[in-house]
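structure, please.
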Amino acid sequence: LERTGALCLCRAQPLDGPAMTRTGQVIAWARSCWLGRGPDGVERVNSVDTATHGAAYRRSVFHMVGEFDENFDACEDLEFTTRVWKAGIDAYTDTRLTVHERPRATLRALLYEMLRTGRGTSRLMRKHSDCASVAQVAPLGILLAVLLALVAWWRLPPVMAAVVTLPLLAFPLVVAVTSCRLGLEHGFRAGWKAPWVFAGIYLGQGAGLLLEYLWPTEIAAAEPMAEMVAAELGMARVRRSGRAA
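Prediction:
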């Protein structure tokens with residue numbers, strides 16, 4: 001903080017902390033691959049945005065953009081760092097700041113975490129609609145596809161149900177291929193449990209998104225202070241550049 005002058009420090013958060021169980025180790029392997037939507041590493045030393053990696057802040061940041069929104073049960077950190085990012089506050093990262101996260105020990109614990117994450121993501125998109133992305137709603141699309149397939153096989157003749165569900169087989173195929181790769185790298189147990197982990201990740205987040213959409217939680221409006229701080233910081237940078245010139 002002293003050397004860079006940044007108001008925020010960001011960290012990588014790989015899911016490689018000690019696993020409590022064998023299932024937890026498989027969860028770590030599955031979530032660390034591209035399909036697992038796990039935390040990514042920061043492999044550089046540079047100025048960055050805070051949208052997903054914000055971790056430590058100077059006290060002045062809270063005076064600038066406000067405190068954590070306590071209406072959020074999950075993703076409250078992402079909501080706060082989104083405001084920090086919108087305010088244009090300088091952030092810095094370094095591989096020496098890495099935090100090694102421990103994976104969940106059971107599939108049940110993972111599913112509960114994903115449900116909370118889904119609800120939190122839905123609230124985040126409602127409060128900051130300009131930051132919403134397709135990746136955030138992808139789990140809901142997968143959940144609805146699964147429900148559509150179940151309804152099709154329940155209500156339609158087998159031939160029509162097969163036609164309806166055939167395009168929906170793409171995701172299970174990707175899961176199967178990725179699970180086989182994990183099995184080749186880490187053993188049969190990883191390949192056998194990985195599909196259940198991926199199901200917990202996507203269906204859990206999708207269910208959380210759907211529940212929050214059907215029974216939304218009251219949330220505070222986005223802080224207008226972020227835009228004001230961004231403008232003030234921009235003017236300050238212009239003045240510093242003028243003095244340097």
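
host element of the closest residue to Leu35 other than its chain neighbours?
Nearest non-adjacent residue to Leu35, counting by CB to CB, 6 or more residues apart in numbering: Thr178, 4.8 Å away. Every C-beta, even on glycine, is put in place using the N, C-alpha and C of the backbone. Secondary structure from DSSP states H and E places Thr178 in helix 170-186.

which secondary structure element of this protein has the lowest mean pLDDT?
strand 46-47 (a mean of 47; mean pLDDT, DSSP states H and E).

mind listing what's buried along whichever helix in the chain runs longest?
Ranked by residue count and defined by DSSP state H, the top helix of the chain is helix 188-214. By 16 or more other CB atoms under 10 Å, the buried positions in helix 188-214 come out as 190-191, 193-210, 212.

just name whatever secondary elements that helix is in contact with.
Judged by 3 or more CB pairs under 8 Å, 6 or more residues apart in numbering; DSSP states H and E, the packing partners of helix 188-214 are helix 22-32, helix 107-127, helix 134-155, helix 170-186.

tilt between that helix and helix 22-32?
70 degrees (axes from the mean of the first three to the mean of the last three CA atoms, to 10 degrees).

what lies in contact with the helix holding Thr178?
Outside helix 170-186, the residues that touch it by CB atoms under 8 Å, 6 or more residues apart in numbering are 26, 29-30, 33, 35, 142, 145, 190-192, 194-195, 198-199, 202.

which SS class is the nearest residue to Met20 once chain neighbours are set aside?
Leaving aside its chain neighbours, Met20 sits nearest to Ala105 (4.1 Å; criterion: CB to CB, 6+ apart). Look at Ala105: counting by DSSP: H, G, I helix; E, B strand; the rest coil, its state is coil.
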